[in-house]
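Trainee: Pasting a predicted model and its sequence here:
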Amino acid sequence: MKKSYNFMDVPRLKQALADYRSMVDKYRTLAECSLAGIYVIQEGRFQYVNPRFVEMLGYVREEDLIGRSFWELVHPEDRPVVESGGPAAAARSYPTRYTFRAIKKDGSIAWVDLRGVRARYLGKPANIGTVVDVTEQRESEAALRQSEEELKRHRDRLEELVQERTASLVKANELLQREVAERRRAESIIRREKRFSESVVASLPGAFYVFDEDGRFLRWNENLEKVTGFSREEIKAMTALDFFTGRDKTRVLRRIRETFAQGRSSVEADLTARDGSRIPYFFTGARVVLEGKTYLVGLGLDITERRRAEQALEESERELRVLSAQLITAQETERQRLALELHDGLGQALTAAKVSLEGARKEIERVTGPAPLAPLDRVIPMIQAAVEEVRRMSMDLRPSLLDDLGILATVKWFCREFGRVYPEISVRPEVRLEEEDVPDRLKIVIYRVLQEAMNNVAKHSRAANVKVRLAAKKGGLELAVQDDGQGFDLNSAPRLDSTRGGFGLASMRERVELTGGRCEIRTSPRAGTRITALWSR
């Protein structure tokens, strides 16, 4: 038997409405996670929308809708329906429900089912309700529309008959029943959403926490207790900073303040457990407002494995740098040995052979005359060319000038030789330091960088002018090679690594960095190239 109410139940109804409003305020935060869109309209404009409402209409942020007119979202053809039963019906105090076409951000249409009620929000009259996207249901509804309309006519007729006989009593009873049903439905939704949120929090892989501006915890998950070893009662009496020590505490405090001021922040710090052990964690937090009070909601993730991987990577990089340095040193040692063998062995042998042939030629010419000497005249220049080629190969491997006279003389010699080989390119060397200003360990590196940079100029730049500068700069050394050529895209630089006689841009940078320097390459298509190597003392 249905429970009925008389007019004496009006105070009870008001109390029920007051309880309902209090519950809506209390669980407003949970509404943010609702699967249905929720809105609050005052004076025809949105004052609050939840994320589902924003997503439903194709927007990104709640701020895109706050302050906008409700009518901007209503399809013009559906306005009569909305005006008759929607937020415009300000005089109605009982819940309303209607379906209309909403205009999304991109201009497309979404059928939505709106349920609203007249209430007070922040002390002012407002329309509060929920919106559900029913676009996919419209096709099935079309098949049922005819029978529903027939049913509606019978229901309307029945309601008219009932209203004629018991108008006042039925109206009050109907209002109360609707409010109770809406309240129960809202309570059911809130309980379901609360259970859902609690299960999500419990299943999070890290440490979940909510604390206020004083650092006092409002809520946390079991993972925080398991990781730290503190009990629930102990955590209740603690603050967020009690889990950190030393500089980590200062850094975390700064990030917490930043979160409350700017809305979001993150930090890496060691979480100190009850037994004193420290666990590396990555913490992230966001500012939220619950019941008018500001809180920080965040999640901490254990990054122990990542730290180990980073340390292993750093160790591997250090070992690789050591191996690279050893390889370069071995390469230079082998080049020096080969250069000496070519110069002192093959070069001297060819020179001796040339001198012997020239002596033999003179002796033959003295005895027999010049007639049979034409073959020797052809061989001697060939031997001389071989001597020059051996000398060039020896200089390419390691110029003896570098060990005999130093880097300054070597740089000037190299620029002269480059100008002789490539007369179409003007080379202007500029040396502004003394030999003793250059450490011995850097001399071969400077030469190799200059050698590769000039090889790239000759083979790729199409430059007409090149400036080579070796100078002291801000307590250190600077080698700069700048041309006025066509330049290149740095993303395609690896193709230059295969140039004959060079070691590529990547290895050029590596050689400089292995000796404590910094290599900079500035270039762009049709804008020339500048390669700079800097070493501090």
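Mentor: Received, thanks.
Trainee: now V431, what's its secondary structure?
Mentor: Using DSSP: H, G, I helix; E, B strand; the rest coil, the structure places V431 in strand.
Trainee: Show the contacting residues for the spatially most central residue of the chain.
Mentor: For the chain, the residue nearest the mean C-alpha position is S266 (13.7 Å; CA atoms, centre = their mean). By CB atoms under 8 Å, 6 or more residues apart in numbering, S266 lies in contact with R255, F282, F283, T284, G285. For the C-beta atoms, the positions are set from N, CA and C on the backbone; glycine is no exception.
Trainee: Quickly find the element holding it.
Mentor: Assessed by DSSP states H and E, S266 sits inside strand 264-272.
Trainee: ok, that strand: who's next to it in the sheet?
Mentor: Looking at strand 264-272 with DSSP bridges, its partner strands are strand 278-290 (antiparallel).
Trainee: Centre of the chain to the partner strand, how far?
Mentor: Average the C-alpha atoms of strand 278-290, do the same for its chain, and the two points are 19 Å apart (CA atoms, centre = their mean, to the nearest Å).
Trainee: What segments of the stretch 51-200 of the chain are helices?
Mentor: For the stretch 51-200 of the chain, helices defined by DSSP state H, counting those that start in this stretch occupy the ranges 51-56, 79-85, 138-203.
Trainee: okay, those helices, which one's buried deepest?
Mentor: When the helices of the stretch 51-200 of the chain are scored by mean count of other CB atoms under 10 Å, the highest mean neighbour count falls to helix 51-56 (a mean of 18).
Trainee: quick one: contacts of that one?
Mentor: Residues outside helix 51-56 that contact it (CB under 8 Å, 6+ apart): 32-39, 60-62, 64-65, 102, 110, 112, 131, 133.
Trainee: Are any of the residues you listed buried, and if so which?
Mentor: Using 16 or more other CB atoms under 10 Å as the burial test, the contacts of helix 51-56 include S34, A36, G37, I38, Y39, L65, A102, A110, V112, V131, D133 as buried.
Trainee: In a markdown table: those residues, plus pLDDT and distance to T294.
Mentor: Below are the buried ones among the contacts of helix 51-56 laid out as a markdown table (pLDDT from 0 to 100; distance: CB to CB, whole Å):
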| residue | pLDDT | distance to T294 |
| --- | --- | --- |
| S34 | 82 | 22 |
| A36 | 87 | 26 |
| G37 | 89 | 25 |
| I38 | 90 | 21 |
| Y39 | 91 | 23 |
| L65 | 90 | 23 |
| A102 | 92 | 33 |
| A110 | 90 | 34 |
| V112 | 90 | 32 |
| V131 | 91 | 28 |
| D133 | 89 | 32 |
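Trainee: Quick one: mark the members of the residues you listed that sit in strands.
Mentor: Applying DSSP state E to the buried ones among the contacts of helix 51-56, the entries found in strands are G37, I38, Y39, A102, A110, V112, V131, D133.
Trainee: Roughly how far does the last one sit from K226?
Mentor: Per CB to CB, to the nearest Å, D133 is found 40 Å from K226.
Trainee: same check, this time on the third one
Mentor: Using CB to CB, one obtains 40 Å as the distance from Y39 to K226.
Trainee: Would you mind measuring from R509 to A453?
Mentor: According to CB to CB, R509 stands 12 Å off from A453.
Trainee: do the same with D133
Mentor: As judged by CB to CB, D133 and A453 stand 64 Å apart.
Trainee: got it, and E72?
Mentor: 63 Å.
Trainee: and those two? which has more neighbours close in?
Mentor: Between E72 and A453, counting by other CB atoms under 10 Å, A453 is the more crowded of the two (26 against 11).
Trainee: ok, the more buried one - contacts?
Mentor: Counting by CB under 8 Å, 6+ apart, A453 has contacts V481, M508, I531.
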